[in-house]
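> make a model of this:
(one chain, ligands or ions: 1)
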Amino acid sequence: MTSQRTRERLLGRLMDQGIQSMEVLDVMRSTPRHIFLDEALAHRAYEDVALPIGHNQTISQPYVVAKMTEAIVKSGPMDRVLEIGTGCGYQTAVLAQLAKKVFTVERIKPLLDRAKKNLKLLGLRNIEFKHDDGSLGWAERGPFDAIITTAAPRQIPAELLEQLADGGRLIIPVGGDEHQELKLVRRVGSEYEEHILDRVRFVPLLIGQVQG
Ligand code: SAH
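Here you go, the predicted structure:
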């Protein structure tokens, strides 16, 4: 069910789809995705699909996690990384093994609590959590070398751009429900260079109220 063979098959799929960074592939190989899922779905943990985690949210598709992580790892330093949309903490776990320090913000309290538990179980301690509206970033902890947003706003929030260090990168899906583009934005002084990496589908980034 969660055998080494099903995990290796997933790794093969990621490589077939163009993921090349050995660093990222090694971390994806050694991160148990099944612990982030409810028991009833754990047998599907190594399929390359997004799956429900409750509260109308999903755990990201492994390919998308790999693609976003690779884009960030390849493009510069990883000392301070901010993630918006912790969910159950899968992407956080991958990041925490590649970055010095990860800051992560989630608006749904029970999901954040579950993520804390999962990440503790994996022994990952270089993570700071916040229950808040992540569209505002986390100004007190910035500037960041990289910011990853795992939910899609219609437009890039100005706060996230402002909290990038010089040379810092923001990776973010942007768009409405059916069409989103995964963008990589790099800050160069007061300029922002934008590249489109892929077409993706994420849950919306909800602006405003947090959920208890
Ligand atoms: N990173 C997760 C993906 C979770 S899905 C993974 O690895 O699987 C996206 C998450 O973004 C959801 O948990 C959702 O509640 C959260 N989210 C949406 N809008 C948000 C906001 N404004 N601030 C913080 N989190 C938000």
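> quick one, phi psi at the closest residue to Leu121 other than its chain neighbours?
Spatially, and ignoring its direct neighbours in sequence, Leu121 is nearest to Ile35 (6.4 Å; CB to CB, 6 or more residues apart in numbering). For every residue, glycine as well, the C-beta is placed using N, CA and C. Backbone geometry at Ile35, expressed as degrees, to the nearest 10, gives phi -70, psi -10.
> who are the contact partners of Ile35?
By CB atoms under 8 Å, 6 or more residues apart in numbering, the residues touching Ile35 are Asn118, Leu121, Leu122.
> and if you look at Val27?
Counting by CB under 8 Å, 6+ apart, Val27 has contacts Thr69, Val94, Gln97, Leu98.
> where does the last one fall, phi/psi-wise?
The phi and psi torsions at Leu98 (degrees, to the nearest 10) take the values phi -120, psi -20.
> and whichever strand or helix holds Glu181, which strands flank it?
If you go by DSSP states H and E, Glu181 is part of strand 180-188. Paired neighbours of strand 180-188 in the sheet (DSSP bridges): strand 164-175 (antiparallel), strand 191-200 (antiparallel).
> I'd like those strands as a markdown table, with mean neighbour count and distance to the ligand appended.
What follows is these, written out as a markdown table (neighbours: other CB atoms under 10 Å; distance: least, CB to the nearest ligand atom, whole Å):
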| stretch | mean neighbour count | distance to the ligand |
| --- | --- | --- |
| strand 164-175 | 21 | 10 |
| strand 191-200 | 13 | 12 |
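> columns mean pLDDT on top of these, output as CSV?
Listed next are the strands paired with strand 180-188 as CSV, based on pLDDT from 0 to 100:
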stretch, mean pLDDT
strand 164-175, 98
strand 191-200, 95
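> I'd like to know which of those strands is closest to Gln211.
Of all those, strand 164-175 sits nearest to Gln211, with 20.7 Å by CB to CB.
> and the contacts of the closest one?
The contact list for strand 164-175 (CB under 8 Å, 6+ apart) reads 68, 71-72, 75-77, 80, 142-156, 160-161, 180-189, 197, 200-202.
> now stretch 37-45
Here stretch 37-45 makes contact (CB under 8 Å, 6+ apart) with Met1, Thr2, Pro32, Arg33, His34, Phe36, Leu51, Pro52, Ile53, Gly54, Ile59, Cys88.
> picking up where we left off before, filter the contacts of Ile35 down to just the ones in helices.
Using DSSP state H, the subset of the contacts of Ile35 located in helices is Asn118, Leu121.
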